[in-house]
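In: this one's sequence-less:
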């Protein structure tokens, strides 16, 4: 096999010497000049053998049929054999068929094109998958005919594994940072005091409207911080020194001009690659929804407090498991207690009017806790501070554990004193009115009876009835 127009002088370094009946053998010669300059190198075959056997890569030469004519010790060792066991054999005789066919395919490509070829090959060697980086070139004889392939192969299995492990590690890191934050970054603080973002990942465009490239172009994401929050940013991010960290919440202005809240976490280290510089690793989490919810919650709490204050409605949570309860400020005012008051069952019973104490103790123990009923009762207490009698309406709902045992009573207590006084006054007036009505009705009935008697007497005496009565 030959390459048309091939100039054998271009293939310096290796040539073949052979005689009839002998296999081609590779020798080191100088084919660039017709005659070598200087003294001849003694024992060229020994020198050649020493050179190739000192290499850690596999060095080989195969003839056109694929038989190994030259192989170094590293090449034989790579497939678990000795040099003697390899020479004179093809890959198909030495290796699994699939591996041999893959190696032969690239050999044939080199011999057919007459061009050097660099490729990655995968093979099953001694039961283990290996990956190789193969550099192959045509093997020319002294007349320029292609008689085989010369190659250098490096086992890159461990290197590829390391690269894949690194890629997996980087991918895991990206997934983790994306999971725990919306935006992660590293930022180099240069000696001149300026920042330079050298790495960033996450959903930057989703939360800010800017792409990662645009933010990196700013040099520092601090350009997005609202002016009112810049002092917070400087303290917890830009002003960090090696070994310090900062956490804060601040507002950013997005690309559309809107405002978003982020939680910032940053830590500063010495930059080992560039002494004198510092590097900040940080993450940003979009907390806009949470901040809006907090604002709405605070507004609702304010309205609730105002409503409770107007309605004189307090709230409580009683943990039945430990017997202690917590109360709102409105309820503390109704009870006349402060933060030092013992909020226990006994403490609650101690506030109840003596006339109601036994009834309320039995009600809680037997009806509410015993039967799991809703607490709904009007009763009287004594204000702990003023000693004033106060009517209250208590309501509560039980919470149960997985065993259906009551663990909490959550409810409200309202001051209904004015309403009860009004009810008492109304009942008194109603009773008096009823008595008055009874008296008036009795008098009217007696008057009718008297009129009947007078009419009867007049009729008996031949006179006319004086009174007209309606039945």
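Out: Arrived safely, thanks for sending. Just so you know, these numbers come straight off a predicted model, no measurement behind them.

In: Residue 402 should be in a strand, yeah?
Out: No. Counting by DSSP: H, G, I helix; E, B strand; the rest coil, residue 402 is not part of a strand but coil.

In: Could you give the number of residues near it?
Out: By other CB atoms under 10 Å, the residues close to residue 402 number 5. Where C-beta positions appear, they are placed from N, C-alpha and C, glycine not excepted.

In: The one 5 residues further on too?
Out: Residue 407 is flanked by 14 other residues according to other CB under 10 Å.

In: Between the two ends of stretch 75-91, how far is it?
Out: 12 Å (CA to CA, to the nearest Å).

In: What mean pLDDT does that stretch get?
Out: Stretch 75-91 shows a mean pLDDT of 93.

In: Residues in contact with it: which ones?
Out: When contacts are defined by CB atoms under 8 Å, 6 or more residues apart in numbering, stretch 75-91 is touched by residues 23, 57-60, 62, 65-73, 94-95, 99-100, 103-104, 125-126, 130, 153, 155.

In: and stretch 53-69, which residues are buried?
Out: 57, 58, 59, 60, 61, 62, 63, 64, 66, 67, 68, 69 (16 or more other CB atoms under 10 Å).

In: what's the first one in contact with, if anything?
Out: In other words, residue 57. Residue 57 touches 74, 75, 152, 153, 154, counting by CB under 8 Å, 6+ apart.

In: would you list the buried residues of stretch 53-69 in JSON lines and tack on distance to residue 324, secondary structure and pLDDT?
Out: Output for the buried residues of stretch 53-69, formatted as JSON lines (distance: CB to CB, whole Å; DSSP: H, G, I helix; E, B strand; the rest coil; pLDDT from 0 to 100):
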{"residue": "57", "distance to residue 324": "78", "secondary structure": "coil", "pLDDT": "91"}
{"residue": "58", "distance to residue 324": "79", "secondary structure": "strand", "pLDDT": "92"}
{"residue": "59", "distance to residue 324": "84", "secondary structure": "strand", "pLDDT": "93"}
{"residue": "60", "distance to residue 324": "85", "secondary structure": "strand", "pLDDT": "94"}
{"residue": "61", "distance to residue 324": "90", "secondary structure": "strand", "pLDDT": "94"}
{"residue": "62", "distance to residue 324": "88", "secondary structure": "strand", "pLDDT": "95"}
{"residue": "63", "distance to residue 324": "94", "secondary structure": "strand", "pLDDT": "96"}
{"residue": "64", "distance to residue 324": "95", "secondary structure": "coil", "pLDDT": "95"}
{"residue": "66", "distance to residue 324": "88", "secondary structure": "coil", "pLDDT": "95"}
{"residue": "67", "distance to residue 324": "92", "secondary structure": "coil", "pLDDT": "96"}
{"residue": "68", "distance to residue 324": "88", "secondary structure": "strand", "pLDDT": "95"}
{"residue": "69", "distance to residue 324": "93", "secondary structure": "strand", "pLDDT": "94"}
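
In: which one of those is nearest residue 233?
Out: residue 57 (54.5 Å; CB to CB).

In: Next, give phi and psi for that closest one.
Out: phi -80, psi 160 (degrees, to the nearest 10).

In: and it, how far is that from residue 103?
Out: Residue 57 sits 15 Å away from residue 103, going by CB to CB, to the nearest Å.

In: re the thing from before, may I ask which two of the buried residues of stretch 53-69 are separated the most?
Out: That would be 57 and 64, which, of the buried residues of stretch 53-69, are the farthest apart (CB to CB) at 23.2 Å.

In: What are the boundaries of the helices in the stretch 251-400 of the chain?
Out: Counting by DSSP state H, counting those that start in this stretch, the stretch 251-400 of the chain has these helices, from start to end: 288-311, 329-335, 345-351, 354-362, 370-371.

In: So which of those is nearest residue 394?
Out: helix 354-362 (8.7 Å).

In: Go through that closest one and flag the buried ones.
Out: Applying 16+ other CB under 10 Å to helix 354-362 flags 356, 357, 360 as buried.

In: what residues does it touch?
Out: Contacts for helix 354-362 (CB under 8 Å, 6+ apart): 349, 352, 377, 379, 380, 381.

In: What of stretch 267-286?
Out: 177, 180-191, 195, 202, 207, 221, 237, 240-246, 260-266.

In: Strands - which of these land there?
Out: Secondary structure from DSSP state E places 183-189, 195, 202, 245-246, 260-266 of the contacts of stretch 267-286 in strands.

In: For PyMOL, what selects the buried ones among these?
Out: Selection of buried members from the ones in strands among the contacts of stretch 267-286 for PyMOL, criterion 16+ other CB under 10 Å:
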select buried, resi 183+184+185+186+187+188+189+195+202+246+260+261+262+263+264+265+266
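
In: If you count neighbours, what's buried in stretch 148-159?
Out: For stretch 148-159, by 16+ other CB under 10 Å, it's 148, 149, 150, 151, 152, 153, 154, 155, 156, 157.

In: who's in contact with residue 197?
Out: With CB under 8 Å, 6+ apart, residue 197 has these contacts: 185, 186, 187, 188, 215, 216, 218, 219, 220, 221.

In: Likewise for residue 467?
Out: 451, 452, 454, 455.

In: okay if I get those as JSON lines plus neighbour count?
Out: Output for the contacts of residue 467, formatted as JSON lines (neighbours: other CB atoms under 10 Å):
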{"residue": "451", "neighbour count": "15"}
{"residue": "452", "neighbour count": "12"}
{"residue": "454", "neighbour count": "12"}
{"residue": "455", "neighbour count": "17"}
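
In: in a strand, that's where residue 445 is, yeah?
Out: No. Going by three-state DSSP, the assignment for residue 445 is helix, not a strand.

In: got a pLDDT number for it?
Out: So, for residue 445, pLDDT stands at 75.

In: What of residue 141?
Out: For residue 141, the predicted pLDDT is 91.

In: Could you do the one 4 residues further on as well?
Out: Note on residue 145: pLDDT of 93.

In: Is it bridged to anything, and to what?
Out: residue 2 (DSSP bridges).

In: Begin at 12 from now on, thanks
Out: New numbering, starting at 12: the last item is residue 156.

In: Confirm for me that residue 335 is in contact with residue 359.
Out: No. Counting by CB atoms under 8 Å, residue 335 does not reach residue 359; the two are 10.3 Å apart.

In: now residue 104: how far from residue 98?
Out: 12 Å.

In: between those two, which one's more packed in?
Out: Taking neighbours as other CB under 10 Å, residue 104 and residue 98 compare with residue 98 leading, 16 against 12.
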